[in-house]
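Novice: please find the sequence and the predicted model below.
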Amino acid sequence: MSLVNAENLTKVYTMGEIKVEALKSVSFEIEPASFISFIGPSGSGKTTLLNLIGCLDKPTSGTLKVAEVNTTELTHKEAAAFRGKNLGFIFQDFNLIPVLTVYENVEYPLLIVQNVPSEERKTRVISLLKTVGMTDQKDKYPDQISGGQKQRVAVARALVTNPRLVLADEPTANLDSKTAFMVIDIMRQMKEEFGVTFIFSTHDPKIVSEVETVYTLQDGMLIGRAQGKGGRYA
């Protein structure tokens, strides 16, 4: 059973009298425990597509099922609950909360979207901080750690709710090559150990070289699907 199933997704943005077709009849399927990337130039529709999969926006037409749920039919409240239960997000600018410590940043989703008892919260947070190598930094604030460390914290935060799917928008854009590969390796480890699917939107050839499948977007259209060099299909 596919984790993500998109059929003829079209997204049109209207700005005054101008209509911009950001996605044009895009169809694809993504299996559970996948490590895939959407690539393409700026304006190709990558971010729009991630926003649709992440239930942050709705298509103008077409059908999108995520974890067997037709997300195009969800209300705003239902979409928020679905995100909290099933999805994690990683961004290129980290999006950590500056007034919270590393530990508190990772714990935050459990406080906001899930009613998780304190002892279980602690167990999950410490376990993930250990996995990403940030246990010794847990009491520091975001402005006291490096960019690579911030992104490792962001990975832990994305995974703390035990999501089925993590959406990563240009997650290595602000990292040097060594750190970028380290972060990608952590995400691949999470995929292998817990069956989490990672969907990247990227220009970064380092990610493209590591994923299992590469989808190419151009002018809002899906123009190619290729086997990647990384992962289980290498």
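Specialist: It's in. Everything numeric here is computed off the predicted structure, so don't read it as measured data.

Novice: which non-adjacent residue is nearest Tyr13?
Specialist: The spatially closest residue to Tyr13, leaving aside those adjacent along the chain, is Val20, at 4.7 Å (Cβ to Cβ, 6 or more residues apart in numbering). For every residue, glycine as well, the C-beta is placed using N, CA and C.

Novice: what's the burial count for that neighbour?
Specialist: 12 (other Cβ atoms under 10 Å).

Novice: and it, helix, strand or coil?
Specialist: Classification of Val20 using DSSP: H, G, I helix; E, B strand; the rest coil returns strand.

Novice: show me where this structure has its helices.
Specialist: Here the chain has its helices, by DSSP state H, at 46-53, 76-86, 102-112, 118-131, 147-159, 177-194, 205-208.

Novice: so which of those comes closest to Leu217?
Specialist: Checking the helices of the chain against Leu217 by Cβ to Cβ gives helix 46-53 as the closest, at 5.7 Å.

Novice: what's that closest one packed up against?
Specialist: strand 4-15, strand 18-30, strand 35-39, strand 61-66, strand 165-169, strand 197-202 (3 or more Cβ pairs under 8 Å, 6 or more residues apart in numbering; DSSP states H and E).

Novice: rewinding a little: Lys11 is in contact with the residue nearest to Tyr13, correct?
Specialist: No: in this structure, Val20 is not within contact of Lys11 by Cβ atoms under 8 Å, at 9.1 Å.

Novice: one step back: could I get the helices and strands packed on helix 46-53 as TSV with distance to Leu217 and mean pLDDT?
Specialist: Rendered in TSV, the data for the helices and strands packed on helix 46-53 read as follows (distance: least, Cβ to Cβ, whole Å; pLDDT from 0 to 100):
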stretch	distance to Leu217	mean pLDDT
strand 4-15	11	95
strand 18-30	8	95
strand 35-39	6	96
strand 61-66	15	97
strand 165-169	14	95
strand 197-202	9	95
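
Novice: please report the distance of the residue nearest to Thr48 when sequence neighbours are not counted from Ile90.
Specialist: Leaving aside its chain neighbours, Thr48 sits nearest to Ala22 (4.3 Å; criterion: Cβ to Cβ, 6+ apart). Note on Ala22: its distance to Ile90, by Cβ to Cβ, to the nearest Å, is 22 Å.

Novice: what's the lowest-mean-pLDDT helix or strand in the chain packed up against?
Specialist: None of the helices or strands of the chain scores lower by mean pLDDT, DSSP states H and E than helix 205-208, at a mean of 88. For helix 205-208, the packing partners by 3+ Cβ pairs under 8 Å, 6+ apart come out as strand 35-39, helix 177-194.

Novice: most tightly packed of the ones you listed?
Specialist: strand 35-39 (a mean of 23; mean count of other Cβ atoms under 10 Å).

Novice: residues contacting it, please?
Specialist: Identification of contacts with strand 35-39 by Cβ atoms under 8 Å, 6 or more residues apart in numbering yields 30, 46, 49-50, 187-188, 191, 197-203, 207-208, 210-217, 228, 230-231.

Novice: now do the contacts for the most centrally placed residue in the chain.
Specialist: The centroid of the chain falls nearest to Leu167 when counting by Cα atoms, centre = their mean (1.2 Å). Leu167 is in contact with Leu50, Ile53, Gly54, Leu87, Gly88, Phe89, Ile90, Ile199, Ser201, counting by Cβ under 8 Å, 6+ apart.
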